[in-house]
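Student: Need coordinates for the following:
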Amino acid sequence: MTMTMRANETKIAFLGLGGMGAPMARRLLAAGYGLTVWNRTSAKAEALVAEGAVAAASPAEAVRGADVVITMLADPAAALAVADAMIPALRAGTTWIDTSTVGPDTVRELVSRLPDGVAFIDAPVMGSVDRAADGGLLILAGGETAPVDGLLAELGSVRRCGEVGTGAALKLVLISGVIGGVALVAESLRLAGALGLPEDLTRSALEGSPLGGLVGRLFATEAHFPVALAAKDVALATGVGGLPVLEAVQGVLASRPDLATSDVSSLHP
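Tutor: As a prediction, this is how the structure comes out:
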């Protein structure tokens, strides 16, 4: 029988406290989980420590003795570097949940480095900082989630995708579609302006079309998905090859270093 982890009996190590990681970690802390946190920039851990988390000086220190390790890191390079630092300290029986968007190739590399007895779940998420804060993320999970279902429920709803790596693969499909769609809507509005159409007319017409959800994302004010991370995500997808439209979108994103830290909505002037 699969055992489910109870909050007050489960020690979690959370590594990566950026825009998404910090609110996710905060939800787990509020739910009663024992939480040790680490971030490359240690100052980002201070607010969580003030709320009851324990700060670790290194990834290895963070994961030592943890029942569950959760990582939310920016890109494959960061994920692999943190893995190198923490894997020697992982103990048999630990479950590692990687919520980063790093693609299936990196997931396979991470799994290949695991010591015996450590379970791995790739669980990238759909949703921005607003959904991370209110527990409304969509978690795309590859691997056996049953022991950590209660923990994941604090973060959002789980879509079980299959074996390890399938969550990472589906995330590239979904996020590339969203980013490409947002870029398309931004260009549609630019086209409307060039044709002399009022923006409010164009926007309302787009909202009533099949693109309506993407229009909402373009004008969202509570979400924050930096252009630089969007470019990284699309680049992971285009690495598969044969995706000329997404390659064009990635080129546009990568060509705007001035917007690197701005939300993708900034593509609309």
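
Student: nearest spatial neighbour of T10, skipping sequence neighbours?
Tutor: Spatial nearest neighbour of T10, chain neighbours left out: D67 (4.9 Å); criterion: Cβ to Cβ, 6 or more residues apart in numbering. The C-beta positions use only the backbone N, C-alpha and C, and glycine is treated the same way.

Student: tell me, how many neighbours does the one you found end up with?
Tutor: 19 (other Cβ atoms under 10 Å).

Student: same check, this time on the one 10 residues further on
Tutor: Other residues within reach of A77 by the criterion other Cβ under 10 Å amount to 11.

Student: try G196
Tutor: The number of residues packed near G196 is 6, by other Cβ under 10 Å.

Student: got it, and N39?
Tutor: Residues lying near N39 (other Cβ under 10 Å) number 24.

Student: Let me know the distance separating it from A13.
Tutor: 12 Å (Cβ to Cβ, to the nearest Å).

Student: any idea of the pLDDT on the closest residue to G216 other than its chain neighbours?
Tutor: Distances taken as Cβ to Cβ, 6+ apart put E207 closest to G216, at 7.4 Å, once the chain neighbours are dropped. Predicted confidence (pLDDT) for E207: 96.

Student: Would you list the phi and psi of E207?
Tutor: For E207, the backbone dihedrals (degrees, to the nearest 10) come out as phi -60, psi -30.

Student: ok, now G150?
Tutor: phi -60, psi -40.

Student: which residues of the protein fall in strands?
Tutor: For the chain, the strands defined by DSSP state E cover 11-15, 34-38, 54-55, 68-71, 95-98, 119-122, 125-126, 137-142, 156-162.

Student: by contact count, what packs against the last one?
Tutor: Read that as strand 156-162. Contact here means 3 or more Cβ pairs under 8 Å, 6 or more residues apart in numbering; DSSP states H and E; on that basis strand 156-162 packs against strand 137-142, helix 166-194.
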